[in-house]
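*Asks:* My questions are about this predicted structure, shown below with the sequence.
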Amino acid sequence: MLEFEPQVFQSIWVALAVIAIVFAGSIVQAGLGMGFGLTVAPILALLDPVLVPVSALYLGTATSVAGAWSERGNIVWREVNTCISGRFAGILAGLWILLGLTSIKTFSLVFGIVILFAVLLSVVGWQLALNLRNLFAMGVVSGFTGVITSVGAPPLALIYQNQPATKSRATLATFFAFGGAISLVVLYAAGLGNFTHFLLALFMAPPAIVGTLAGRRLKSGFDRRYRICLLGIAAVASMMLIYRGLS
């Protein structure tokens, strides 16, 4: 099992950088409705690998719970149940890989590869039909990427990108709420989560809340073209992680 000391508790500069990144990522997420996990997770991994996936999953799960509750009347439960069924298989596959990681270099390498894969899924422009087979398959992929990196949205975006926003927001938020909670339970059961991860999530919660509130006020100032910039940041960070793992 991979273990290392959190840098957030040892360096004020790392702590301030994490606060700034979570704050900025939350603003973007609230303004664009996307971008937090894929952009913030690889940067957090560069700064302090102990922040991912467990602590970041806490934030993503809490945000998803709030979103699902606020739009609970638009949830399509049949789609949620199918995605969650697939997520179990993906979580188990990702957990098997995590349990085999024994050094910071191998963790960085695997994390970077998975994030780069998620970026590629976001830019290829594929559109999958909304049916139970595709929902199950992308649920598997989402579970795999989510349990390793805390980023599970890109696979499902291939299906929901052109669906009505009210339905897709509510359904995806519900899936990620349950999926994130399941991932956390599995990670803790496997011994990959501890109380320190919970404390780190609490540390990141205030800048995430403040950033979300600020992003909602600035929402009209955001442009969807920022998506390319966010994906570029994620790609660069993932390649830096891969380089760290190979060096």
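*Replies:* Cool, got the structure. Numbering: from 1, shown residues only.

*Asks:* ok, Leu109 - contacts?
*Replies:* Leu241, Ile242, Arg244, Gly245, Leu246 (C-beta atoms under 8 Å, 6 or more residues apart in numbering). C-betas here are computed from N, CA, C, even on glycine.

*Asks:* Distance check, the nearest residue to Leu116 once chain neighbours are set aside against Leu101.
*Replies:* Nearest residue to Leu116, sequence neighbours excluded (C-beta to C-beta, 6 or more residues apart in numbering): Ser238, at 4.1 Å. Between Ser238 and Leu101 the computed distance is 17 Å (C-beta to C-beta, to the nearest Å).

*Asks:* Show me which of these two is the more surrounded one.
*Replies:* Ser238 (27 against 18; other C-beta atoms under 10 Å).

*Asks:* Point to the residue nearest the middle of the protein.
*Replies:* Against the mean C-alpha coordinate of the chain, by C-alpha atoms, centre = their mean, the closest residue is Val151 at 2.6 Å.

*Asks:* Which members of the contacts of Leu109 are classed as buried?
*Replies:* Burial by neighbour count, judged by 16 or more other C-beta atoms under 10 Å, picks out Leu241, Ile242, Arg244, Gly245 from the contacts of Leu109.

*Asks:* Give me the local confidence score for the last one.
*Replies:* In this model, Gly245 is scored at 94, pLDDT.

*Asks:* Contacts only, for Tyr58.
*Replies:* Leu184, His197, Phe198, Ala201.

*Asks:* Then Leu59?
*Replies:* Here Leu59 is in contact with Val22, Phe36, Ala201, Met204, Ala205, Ala208 (criterion: C-beta under 8 Å, 6+ apart).

*Asks:* Go through the helix or strand it falls within and flag the buried ones.
*Replies:* According to DSSP states H and E, Leu59 maps onto helix 54-70. For helix 54-70, a neighbour-count test (16+ other C-beta under 10 Å) marks 54-65, 67-68 as buried.

*Asks:* re the thing from before, show me which of the contacts of Tyr58 are buried.
*Replies:* Leu184, His197, Ala201.

*Asks:* Could you dump the contacts of Tyr58 into a markdown table with secondary structure added?
*Replies:* Converted to a markdown table, the contacts of Tyr58 look like this (DSSP: H, G, I helix; E, B strand; the rest coil):
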| residue | secondary structure |
| --- | --- |
| Leu184 | helix |
| His197 | helix |
| Phe198 | helix |
| Ala201 | helix |
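
*Asks:* mind listing the helices for this protein?
*Replies:* Using DSSP state H, the helices found in the chain span residues 12-32, 36-47, 54-70, 77-99, 104-123, 132-149, 153-160, 165-189, 195-217, 226-246.

*Asks:* which strands and helices sit next to the last one?
*Replies:* Here helix 226-246 touches helix 12-32, helix 36-47, helix 104-123, going by 3 or more C-beta pairs under 8 Å, 6 or more residues apart in numbering; DSSP states H and E.

*Asks:* That one vs helix 104-123, what angle?
*Replies:* Relative orientation of helix 226-246 versus helix 104-123 (axes from the mean of the first three to the mean of the last three C-alpha atoms, to 10 degrees): 150 degrees.
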